[in-house]
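>>> Give me a 3D structure for the following:
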Amino acid sequence: MKPAHPEDNVTRMKIPPRIIPRSEHHISRSDISDNALKVLYRLSNAGFKAYLVGGGVRDLLLGHKPKDFDVVTDARPDQVRELFRNCRLIGRRFRLAHIRFGDEIIEVSTFRAAYHVTDGERHIEDGRIIRDNIYGDIDDDVWRRDFTANSLFYNIDDQSIVDYVGAMADIEASWLRMIGDPAERYREDPVRMLRAIRFSVKLDFKIHEDTEKQIHELNHLLNDIPPARLFEEFMKLFMSGKSLKVYHLLREFSLFPHMFPLTQQILEQDEARVDSLLHRVFLNTDERIHDDKPVSPGFLIAALLWPSVMEFMEEYKSNGLADQDAIMLASDTVISQQISSISFPRRYTLMARDIWLLQSRMKHRRGKRPMRLLSHPRFKAAYDFLLLRAEAGENLQEMVDWWSDFANRYQDIIEQNRHGRSRFRPSGRRNKSRRS
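Numbering: from 1, shown residues only. As a prediction, the model looks like this:
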């Protein structure tokens with residue numbers, strides 16, 4: 001049964017906020033970064049309004065440690081820069097102030113006007129906001145937020161929480177709900193559909209039915225997002241420690257085909273085989289992240305695109321190319337097509353290429369070839385990928401056993417090549433993946 005909510009339709013309107021005094025919530029200043037407090041108090045002492053906002057407030061209420069702390073104020077970016085020598089203004093679409101304290105950056109934004117207000121400083125194309133530097137007040141800015149759970153303001157002056165859209169009720173009920181009309185908000189910025197998946201997984205929240213329905217209907221809008229921006233979202237989604245759940249939700253909401261169209265084609269042809277491999281790769285990735293072990297995006301890219309590489313490789317081999325030539329040409333073909341959807345940096349695609357090429361080279365185990373291969377900086381990652389392929393059902397066990405025995409005998413050579421990101425320390429459990 002759907003829980004009651006004070007704003008069943010969170011629509012754009014100016015309404016009095018609910019003020020939750022310090023005595024009625026458990027957020028303490030001792031839980032907030034000292035640097036964030038410095039920013040809040042300096043803005044407040046200079047006569048500006050200053051609030052902690054968004055994910056930091058949400059995470060503190062949920063008992064999580066915030067990844068970062070964002071501040072919102074009525075001070076303009078230039079005024080913020082005047083108050084902080086360590087401030088740098090960034091962004092064209094949204095003008096932001098970054099205040100650096102050593103390794104920590106406190107992001108400060110200025111209240112923005114409601115999203116239906118336009119003038120020369122806001123530029124909209126086909127419903128999407130291209131540039132937005134129209135300033136407003138707190139009761140305007142709240143409607144610029146995406147989900148209710150991300151819209152709470154913590155007031156440094158009296159340590160109260162300001163709630164305009166029933167966010168406290170949604171957080172208590174574990175609902176992820178879009179502020180405003182979901183269709184309009186997704187058209188403004190289709191990446192919000194991916195953010196809905198990410199926050200749902202991160203917070204273990206259920207996506208509200210209205211917010212969910214529009215994802216199914218508008219997922220094609222992801223095709224209009226610049227490939228470089230989708231890479232940023234790829235990193236947030238798949239390097240979160242919950243990539244397996246992310247993968248299943250992306251498929252459930254038909255978002256996956258717009259991120260990995262080639263892989264989707266192979267999934268439609270042979271779902272059991274491809275899904276088995278990806279399931280194991282994502283599960284292994286999540287386990288490594290939870291164990292504080294290194295994970296490279298290049299390995300994930302290699303796994304996600306491997307089914308397509310195999311498809312093209314077999315086609316090229318049937319036309320007379322040798323194995324090595326076929327896999328190299330297949331790698332070029334797949335990467336060149338994939339980067340039109342997600343623009344992966346070259347350092348990651350190079351790692352993926354090496355892993356793919358070594359899968360073919362591992363078949364040749366005579367003479368000096370195995371020793372040369374063992375010295376390759378990507379051997380550990382390629383070996384781990386071989387293990388996962390075997391676990392997913394490919395007929396590779398004999399090859400896995402051979403390379404496991406060989407690597408055990410020459411562990412010193414592997415250790416000498418530790419400048420690669422993985423750490424392969426063979427043990428008696430041959431099929432335990434220990435990849436980079």
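>>> Outline the domain layout of this protein.
Listed domain ranges for the chain are 18-225, 233-416 (source: automatic domain parsing).
>>> Please enumerate the strands of this protein.
Using DSSP state E, the strands of the chain run over 18-20, 50-53, 70-73, 87-90, 96-101, 104-110, 122-125, 128-132, 153-155, 160-163, 175-176, 206-207.
>>> got the domains of the chain as a markdown table, with mean neighbour count columns?
From N, CA and C alone the C-beta is placed, and that goes for glycine too. Shown next, in a markdown table, are the domains of the chain (neighbours: other CB atoms under 10 Å):
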| stretch | mean neighbour count |
| --- | --- |
| domain 18-225 | 18 |
| domain 233-416 | 18 |
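>>> could those go into a markdown table alongside mean pLDDT?
A markdown table is the format used below for the domains of the chain (pLDDT from 0 to 100):
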| stretch | mean pLDDT |
| --- | --- |
| domain 18-225 | 91 |
| domain 233-416 | 93 |
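>>> For stretch 210-220, what is the distance to the chain centroid?
19 Å (CA atoms, centre = their mean, to the nearest Å).
>>> Touching it from outside, list them.
147, 176-178, 182-183, 186-187, 190, 193, 196, 207, 253-255, 258 (CB atoms under 8 Å, 6 or more residues apart in numbering).
>>> repeat for stretch 254-266
193-194, 197, 215-216, 219-220, 222-223, 230, 234, 247, 250, 274, 304-305, 307-308, 311, 334, 337-338, 341-342.
>>> How about the contacts made by the closest residue in space to G55 that isn't next to it in sequence?
In space, and not counting its chain neighbours, G55 is closest to N150: 6.0 Å by CB to CB, 6 or more residues apart in numbering. Applying CB under 8 Å, 6+ apart to N150 gives the contacts 54-55, 58, 167, 199.
>>> separation between N150 and I179?
Shown here: N150 relative to I179, a distance of 9 Å by CB to CB, to the nearest Å.
>>> Could you do H364 as well?
Taking CB to CB, one finds H364 at 58 Å from I179.
>>> Let me know the distance separating N319 from G63.
Distance from N319 to G63, by CB to CB: 59 Å.
>>> Check D332 too.
48 Å.
>>> now do L283
26 Å.
>>> Likewise for F101?
In terms of CB to CB, F101 sits 25 Å off from G63.
>>> Same check on E172?
13 Å.
>>> Repeat that for I171.
For I171, the distance to G63 - CB to CB - is 11 Å.
>>> what's the answer for L300, then?
Applying CB to CB to L300 and G63 gives a distance of 30 Å.
>>> Now for the closest residue to M313 other than its chain neighbours: which residues touch it?
Once flanking residues are discounted, M313 sits nearest to A330: 4.1 Å by CB to CB, 6+ apart. If you count contacts by CB under 8 Å, 6+ apart, A330 has them with 308-313, 315-316, 356.
>>> next one: R347
So R347 contacts G298 (CB under 8 Å, 6+ apart).
>>> Contacts only, for the residue lying closest to L300 once chain neighbours are set aside.
Leaving aside its sequence neighbours, L300 sits nearest to F238 (CB to CB, 6+ apart; 5.7 Å). Counting by CB under 8 Å, 6+ apart, F238 makes contact with 246-247, 282, 285, 297, 300.
>>> Which parts of the stretch 51-200 of the chain are helices?
55-62, 77-83, 138-141, 167-173, 182-188, 191-203 (DSSP state H, counting those that start in this stretch).
>>> Could you dump the ones you listed into CSV and include distance to R378?
Listed next are the helices of the stretch 51-200 of the chain as CSV, based on distance: least, CB to CB, whole Å:
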stretch, distance to R378
helix 55-62, 36
helix 77-83, 44
helix 138-141, 48
helix 167-173, 44
helix 182-188, 40
helix 191-203, 29
